[in-house]
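Q: Show me how the following folds:
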Amino acid sequence: MRHQVMGQTGRSVLSDEMIQYKKEERRTVRYRYKVMKYGTDNKTILWRCEVIGPFHSRTYGVCGFGTTKKRSKVNLERRLANDYRYIGNLMFSDVDEADTVGIPDDRLWELWIQNRPISKAEAVGSAGL
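A: Predicted coordinates:
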């Protein structure tokens, strides 16, 4: 049966129908990996998988830890499901939106527009001085 309950993560009940609904309802969360070294000799490697987008999301900055990349991603998925009730798509990305706030994207400019301050004549327009 498709509508039977498969299990429960935290307070969220899992069923095929509910998982499909939540995946279609929510936007894709982007994540990246970071290497962390710890221990007395700083040679033990720990991977951190952290959410880097969407920037204005309550899941921004949530992270999962593991000894391998795969384990850290699984821990991130588990944390998103348990603490944030997010059962959705994850996409790997290196671009953190928090680092690019206020930086204009040149691809959005028209060819004839220059990135410069507005002159007094342009500010007044056709009305003149």
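
Q: pLDDT of the strand or helix carrying residue 72, averaged?
A: Using DSSP states H and E, residue 72 maps to helix 69-84. Averaging pLDDT along helix 69-84 yields 94.

Q: can I get the CA coordinates of it in PDB?
A: Extracted in PDB, the C-alpha atoms of helix 69-84 (Å, rounded to 0.1, in the frame of the first residue of the first chain):
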ATOM      1  CA  LYS A  69      31.800  13.000   2.700                       C
ATOM      2  CA  LYS A  70      29.000  10.500   2.400                       C
ATOM      3  CA  ARG A  71      28.500  10.200   6.200                       C
ATOM      4  CA  SER A  72      28.400  13.900   6.700                       C
ATOM      5  CA  LYS A  73      25.800  14.300   3.900                       C
ATOM      6  CA  VAL A  74      23.700  11.600   5.500                       C
ATOM      7  CA  ASN A  75      23.900  13.300   8.900                       C
ATOM      8  CA  LEU A  76      22.900  16.600   7.300                       C
ATOM      9  CA  GLU A  77      19.900  15.000   5.700                       C
ATOM     10  CA  ARG A  78      18.900  13.400   9.000                       C
ATOM     11  CA  ARG A  79      19.300  16.800  10.800                       C
ATOM     12  CA  LEU A  80      17.200  18.600   8.200                       C
ATOM     13  CA  ALA A  81      14.500  15.900   8.500                       C
ATOM     14  CA  ASN A  82      14.400  15.800  12.300                       C
ATOM     15  CA  ASP A  83      14.900  19.400  13.300                       C
ATOM     16  CA  TYR A  84      13.600  21.400  10.300                       C
END
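
Q: Flag every buried residue along that helix.
A: Of all the residues in helix 69-84, those buried under the rule 16 or more other C-beta atoms under 10 Å are 72, 73, 75, 76, 77, 79, 80, 81, 84. Every C-beta, even on glycine, is put in place using the N, C-alpha and C of the backbone.
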